[in-house]
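Enquirer: Sequence first, predicted model second:
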Amino acid sequence: MPGAVLLVRTPHTQFLGSVGLADVARRIPMRPDHAVRIGSITKTFVGVVAAQMQAEGLLDTEKFVTSYLPASITSRIQNSDRITVHQMLRHQSGIYNYDSSLLYALDRWLIFRHTEWPPLRMLEYSLDQPAVFPPGEEFSYSNPNYILTALIIDRITGHHHSEEIRRRILDPLQMTNSYYEGLEAPRGELAHGYQWLFGTYDTTDWTPVIGGEAGLVSTVSDLGVFIRAVAGTSGFLDPETRRVLKAGSDENVDSEPAARPVLRYDFGLAPTRASPGLPWFYGHRGIQPGYLCLAWHDPENDITVVFFGSSSQLRLFDNMKTAFEFYARIEAAVFEQATRETRGETIDYVRRYAPRVGSDLQGEWTGTVSSPLWPFSPLHLEVRIAEGTAGDFRAEMDNQAEAMNCQPLSVSYSRPGVELTLRSGAGRFRGEINRDRTKITGQWIRDGHATRATFARVQQPAAGEERLARKR
């Protein structure tokens, strides 16, 4: 990664720094005020606009998309008469994601990367495709959801959604260095992005992704203001909009802590955290060829983290696992350091999870799944299961598909069949524990595809072994 910028703001710390180069060819250093393409973080802006319009009665997110979009589009989307706008905002529509298409990848990022790519051209790769699942039944991150939501905003307001983003968000928050690329004049200097494509390429002159699933350019300072205003407890969003963000939950919205802006991925906001025991952060990741952006806020401790990098670490025809692990490690390291310093705790950078006692189910498990979603490499899953005081179980999953979903896992554990079921938006695992409680064997089901998977209990090193490993 040629260059990076990091912003961390806590009640006790204000850090803003940059490293590396913004332009490798001209040897221009990266500055904290350099702008980058923020990619899918644009979804959070679109989601907030949609929530505001819902609160104002201009948009009903529980209506089907056929109520807002013409038949020329909806007739080519399976189940469009049963897909609500809210399901699209939650990535629960089942609409096929064009990013899963090899043809799209070849056309968009190889053959025609310098030609015009209006949103409807990208959408063509998702139209006339079978649904991934029935609406509302699962979670699958799909960029067309936010292109379609942006088109709905355009049709309701009579103008491009970028105008609503500026009027409702950019101008009120005085985000003077942010703009919608291709529709607004550039503000400030755009850092160059670099992408591996049979060699390293400068992607600055590649046609950017726009249309609601991406499109905005911003700086870390501007984005820090935005994510704190939206995910925090400030008065930027009115109470009714706050209620909309939490609507549709199985839980009582009024009983939820005010600090939680959403209860799951909703309206372009996702919850995530570094590890159990640490607070939840809310925000989004943004990835475009040559650019990586992470924007998160912890409303409980008033911690804001924004990271820009001048490479997405993705490679064409490569699986996303390695890149997503890289993103997660950045987030975990910064989240933990900021949180523990804010709490006045000592930071242990070489953490070891202590052996758990109690149920034969609780503990750490690791497994490998080969799936159509990751055709070039198996997905490695790590699950931590703990027993609650009432005998119930909870689980945390460290996998990158779950990072997209950011929903907690639910666990059921029944005897005498000793059946373990893990459910998440990233899929469902159903299996049985062997007699000596060291393996769980079963199937991982995702998008209707079942794949055999095995989880093995992680053996914790003894204290002496850990000290010996450190000496080595």
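Expert: Okay, I see it. Numbering: from 1, shown residues only.
Enquirer: what's the average pLDDT for the helix ranked longest in the chain?
Expert: In the chain, assigned by DSSP state H, the helix with the most residues is helix 321-343. For helix 321-343, mean pLDDT rounds to 80.
Enquirer: Show me what it packs onto, helices and strands only.
Expert: The contact analysis (3 or more C-beta pairs under 8 Å, 6 or more residues apart in numbering; DSSP states H and E) places helix 321-343 against strand 3-9, strand 281-288, strand 291-298, strand 303-309, helix 400-405. C-beta here means a position set from N, CA and C on the backbone, and glycine is covered the same way.
Enquirer: can you put those in JSON lines and add distance to residue 222, mean neighbour count and mean pLDDT?
Expert: What follows is the helices and strands packed on helix 321-343, written out as JSON lines (distance: least, C-beta to C-beta, whole Å; neighbours: other C-beta atoms under 10 Å; pLDDT from 0 to 100):
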{"stretch": "strand 3-9", "distance to residue 222": "10", "mean neighbour count": "22", "mean pLDDT": "93"}
{"stretch": "strand 281-288", "distance to residue 222": "13", "mean neighbour count": "25", "mean pLDDT": "92"}
{"stretch": "strand 291-298", "distance to residue 222": "10", "mean neighbour count": "27", "mean pLDDT": "94"}
{"stretch": "strand 303-309", "distance to residue 222": "9", "mean neighbour count": "26", "mean pLDDT": "94"}
{"stretch": "helix 400-405", "distance to residue 222": "24", "mean neighbour count": "22", "mean pLDDT": "41"}
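Enquirer: May I see those organised as a markdown table, with distance to residue 223 added?
Expert: Formatted as a markdown table, the helices and strands packed on helix 321-343 follow (distance: least, C-beta to C-beta, whole Å):
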| stretch | distance to residue 223 |
| --- | --- |
| strand 3-9 | 8 |
| strand 281-288 | 9 |
| strand 291-298 | 5 |
| strand 303-309 | 5 |
| helix 400-405 | 19 |
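Enquirer: Please report the distance of the closest residue to residue 85 other than its chain neighbours from residue 38.
Expert: Closest residue to residue 85 apart from its sequence neighbours, by C-beta to C-beta, 6 or more residues apart in numbering: residue 61 at 4.2 Å. With distances taken as C-beta to C-beta, to the nearest Å, residue 61 is found 24 Å from residue 38.
Enquirer: Tell me which of those two has more neighbours.
Expert: Neighbours were counted for residue 61 and for residue 38 using other C-beta atoms under 10 Å; residue 38 has more, 34 against 21.
Enquirer: how about the more buried one, phi and psi?
Expert: With angles defined as degrees, to the nearest 10, residue 38 sits at phi -90, psi 0.
Enquirer: same check, this time on residue 14
Expert: Per degrees, to the nearest 10, the backbone of residue 14 is at phi -130, psi 100.
Enquirer: contacting residues for it?
Expert: Listed by C-beta atoms under 8 Å, 6 or more residues apart in numbering, the contact partners of residue 14 are residue 8.
Enquirer: Wait, residue 48 touches residue 229, no?
Expert: No: with contact defined as C-beta atoms under 8 Å, residue 48 does not reach residue 229; the gap is 9.3 Å.
Enquirer: okay, and the common contacts of the two?
Expert: Common contact partners of residue 48 and residue 229 (C-beta under 8 Å, 6+ apart): residue 237.
Enquirer: confidence score at residue 463?
Expert: 43.
Enquirer: follow-up on the earlier one: the residue nearest to residue 85 contacts residue 54, correct?
Expert: Yes: under the criterion of C-beta under 8 Å, residue 61 makes contact with residue 54 at 5.3 Å.
Enquirer: per-domain residue ranges of the chain.
Expert: Per the record, the chain has its domains at 3-342, 363-457, by automatic domain parsing.
Enquirer: most packed of those domains?
Expert: The highest average neighbour count among these, using mean count of other C-beta atoms under 10 Å, belongs to domain 3-342 at a mean of 19.
Enquirer: how about residue 224, what does it touch?
Expert: Taking C-beta under 8 Å, 6+ apart, we find residue 224 in contact with 7, 9, 295, 304, 306.
Enquirer: Turn those into TSV, including distance to residue 185.
Expert: Shown next, in TSV, are those (distance: C-beta to C-beta, whole Å):
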residue	distance to residue 185
7	24
9	28
295	23
304	27
306	23
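Enquirer: and the residues you listed, which two are the farthest apart?
Expert: 9 and 295 (11.9 Å; C-beta to C-beta).
Enquirer: residue ranges for the helices of the stretch 101-250 of the chain, please.
Expert: Remark: helices assigned in the stretch 101-250 of the chain by DSSP state H, counting those that start in this stretch are 102-106, 119-123, 144-157, 161-165, 220-231, 239-245.
Enquirer: Done for today, thanks.
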